[in-house]
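Trainee: Provided below are the primary sequence and the corresponding predicted coordinates.
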Amino acid sequence: MRLRGKKISYFGRRNSHASAECGLEYIRDHIMPQNKFYLDDAKTQEVIISWRGIWKDISITHNGVAIGGFENFRALKGGNRFHLNDGSALDIHWSQAYGDQGLRIAHNGRALKGSSGDPEAKLKGIFGISIFIGALNFIVGALGQFGVSEMLEDMGANWVMMLVGLIIVGLGYVVMSQKSAGALIGIIIVIAADVILSLYFMMEEGGRPSFAGIGLKVLFIIQFARGFGAIREYHEQKNSTIQ
């Protein structure tokens, strides 16, 4: 009886595992994820992109009316143009550009809010990076300033790093909220000065500079520099809307 009980339990686990796999397969193939976008600020023109599984049978609707789709992810990467009843056009594709990966939807050449290529989304990303760098500077500076880490204290981590961190976060917020190129220049100058001064003081004390850390900051500067294009796009779109 015990042996039979074990067999029943074993097959029960197998059946349970098989049921779970079937459930996951059903969800993957039948549940339709979707992304929703709007062509106007009043949200009267709605574009919905839905798909099955892992980017299969992609369908596109405008105000509930099907306007086209893509067979799979490969086709989506190639992109296509879809014409609406009012004569305007939607250009849809999966962008693979560095720092701008994702679903890109443009209405008459203007990226829709929430899609890849939306300048406001790019500037929010700039703010996110500034928070990361600023918080890291603030924490490292605090650990050195208050003597928590002797190593960081010896490396020069102090209240200046804490202040630099706060400045970077503040400038990042101005970039996002005011779309300010001046604030973006300020961030780049602060980070570049931080790299140069860190190298100088490290070499003065006979230490070995962290090229990994310097390389990371250089990558951040490159990413911030891309924000100038996003600011320009935002103002161009704003001016075209006013006109």
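Mentor: Perfect, I can see it now. Not measured: the values here are computed from a predicted model. Numbers count the residues shown, from 1 in each chain.

Trainee: chain center to the one helix or strand Gly128 maps to: distance?
Mentor: For Gly128, the host element (DSSP states H and E) is helix 119-145. Taking CA atoms, centre = their mean, to the nearest Å, one finds helix 119-145 lying 14 Å from the centre of the chain it belongs to.

Trainee: Which other helices and strands does that helix contact?
Mentor: When contacts are defined as 3 or more CB pairs under 8 Å, 6 or more residues apart in numbering; DSSP states H and E, helix 119-145 packs onto helix 150-154, helix 159-178, helix 181-204, helix 211-225, helix 227-242. For the C-beta atoms, the positions are set from N, CA and C on the backbone; glycine is no exception.

Trainee: what pLDDT, on average, does stretch 198-215 get?
Mentor: Averaged across stretch 198-215, the pLDDT comes to 70.

Trainee: For this protein, which residue occupies the most central location?
Mentor: Gly125 (5.8 Å; CA atoms, centre = their mean).

Trainee: how about low-confidence regions in the protein?
Mentor: 1-31, 98-99, 153-156, 202, 205-210, 240-243 (pLDDT under 70).

Trainee: Let me see the domain layout of it.
Mentor: Annotated domains of the chain cover 30-111, 119-242 [automatic domain parsing].

Trainee: didn't Arg226 look like it was pressed against Lys122?
Mentor: Yes. Counting by CB atoms under 8 Å, Lys122 is a contact partner of Arg226 at 7.3 Å.

Trainee: and the two? which has more neighbours close in?
Mentor: Using other CB atoms under 10 Å as the criterion, Arg226 and Lys122 rank with Lys122 on top: 22 against 16.

Trainee: In contact with the closest residue to that one other than its chain neighbours, which residues?
Mentor: With sequence-adjacent residues excluded and distances taken as CB to CB, 6 or more residues apart in numbering, Lys122 is closest to Ala230, at 3.8 Å. By CB atoms under 8 Å, 6 or more residues apart in numbering, Ala230 lies in contact with Pro119, Lys122, Leu123, Ile126.

Trainee: Then Gln96?
Mentor: Lys77.

Trainee: shift numbering so it begins at 9
Mentor: I'll keep to 9 as the first residue from here, and by that count the last item is Gln104.

Trainee: Can you pull the phi/psi pair for it?
Mentor: phi -120, psi 10 (degrees, to the nearest 10).

Trainee: How about Gly125?
Mentor: Phi and psi for Gly125, reported as degrees, to the nearest 10, are phi 100, psi -10.

Trainee: how many other residues sit next to it?
Mentor: Gly125 has 19 nearby residues by other CB under 10 Å.

Trainee: how far away is it from Phe236?
Mentor: 15 Å (CB to CB, to the nearest Å).

Trainee: ok, now Ala200?
Mentor: Separation of Ala200 from Phe236 (CB to CB): 15 Å.

Trainee: ok, now Glu128?
Mentor: Distance from Glu128 to Phe236, by CB to CB: 15 Å.

Trainee: So which of the two has more stuff around it?
Mentor: Glu128 (16 against 13).

Trainee: can you pull the contacts of that one?
Mentor: Contacts of Glu128 by CB under 8 Å, 6+ apart are Lys121, Tyr242.

Trainee: Double-check that Arg112 belongs to a strand.
Mentor: Yes. With DSSP: H, G, I helix; E, B strand; the rest coil as the criterion, Arg112 is assigned to a strand.
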